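Colleague: compute the structure for the input listed below.
(chains A, B, C and D)
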There are 2 protein chains.
Amino acid sequence: MNTRLDLVFSALADPTRRAILAMLLEDDMAVTDVAEPFKVSLAAISKHLGVLADAGLISRERRGRVIWCKLEPDALREATVWMQGFGAFEPLDLDAFERFLEAELPDQQS
Amino acid sequence: MNTRLDLVFSALADPTRRAILAMLLEDDMAVTDVAEPFKVSLAAISKHLGVLADAGLISRERRGRVIWCKLEPDALREATVWMQGFGAFEPLDLDAFERFLEAELPDQQS
DNA sequence: CCTATATTCAACCCTTTGGTTGACGATCCA
DNA sequence: TGGATCGTCAACCAAAGGGTTGAATATAGG
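Modeller: Numbers count the residues shown, from 1 in each chain, chains lettered A, B, ... in the order given. Predicted structure coming up:
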């Protein structure tokens, strides 16, 4: 069990893969263009993209000769939820925050 | 570079280690007690604890014969910041939110 | 001091991972 | 059709990861 979380975290554990995700944050990219800034071979980048795709972090779509890579940030959600359990994030309890504001601010309409 | 982030994400990539962190969320624990629910050997758990400590996710302190393990959730902060860049979290830009409130609410003193 | 408990260390095993190179399939275009 | 481009596949290699067992260290307590 927990396989999905394993895949996501281990995909994120590699700096090359994190760099790829950061690049895809700006725009969808072809595999060749993803590989261009890196010193390793195209085949190595292709493998990294496979790992990212297996984790659900990107999707790939062929258009003509070119395969376009697209970030899928929703795949981070499960990992996010897990991490939230450790207080690493402000829990962003907006309801509580709104209640705080209502109690704190002077009434505005009688 | 990025070594710290590598260590944190790869530490989180193993389900046994995530389970250990979840256990430590409840309370500090001795190594032997951490190992008890798992099927693997004590030495294996000791290695996992080493990985977690190297990532900064736990600290260990010897008291007598017993080594107590303590969760260090702050070590997740850097990973959190990285993930926030991908829209997986509400960014919780409190400064921006406060500016929004100041602009939105009627003046309260002159 | 001697023994039991708590934990790590060391050596080993097998599998996975990240990299390489070279061949291959697919597509565009002249 | 034929050549160039895009990307993956296959086979291989070295290093790292997670596991084991058995010896070693440290401390507590009779």
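
Colleague: now do the helices in chain A.
Modeller: Ranges of helices within chain A are A:3-12, A:15-26, A:31-35, A:42-54, A:77-84, A:94-104, based on DSSP state H.

Colleague: what lies in contact with the first one?
Modeller: This points to helix A:3-12. A:17-18, A:21, A:51-52, A:54-57, A:75-76, A:78-79, A:82, B:9-10, B:12-15, B:18 (Cβ atoms under 8 Å, 6 or more residues apart in numbering or on different chains). For every residue, glycine as well, the C-beta is placed using N, CA and C.

Colleague: so that helix, near DNA strand C or not?
Modeller: Yes - Helix A:3-12 is in contact with DNA strand C by Cβ under 7 Å from any atom of the strand, via residue A:10.

Colleague: re the thing from before, make CSV out of the helices of chain A and add distance to residue B:46 and mean pLDDT.
Modeller: Converted to CSV, these look like this (distance: least, Cβ to Cβ, whole Å; pLDDT from 0 to 100):
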stretch, distance to residue B:46, mean pLDDT
helix A:3-12, 21, 96
helix A:15-26, 28, 96
helix A:31-35, 40, 98
helix A:42-54, 29, 98
helix A:77-84, 24, 85
helix A:94-104, 41, 44
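
Colleague: so which of those helices is the most packed in?
Modeller: Mean neighbours per residue, mean count of other Cβ atoms under 10 Å in any protein chain shown, is largest over the helices of chain A for helix A:3-12, with a mean of 19.

Colleague: list, one by one, the residues from chain A near DNA strand D.
Modeller: Remark: the part of chain A in contact with DNA strand D comprises A:30-33, A:42-43, A:46, A:49-50, A:60, A:65-68, using Cβ under 7 Å from any atom of the strand.

Colleague: of those residues, which are in range of chain B?
Modeller: With the criterion set as Cβ under 8 Å from any Cβ of the partner chain, no member of the residues of chain A next to DNA strand D is near chain B.
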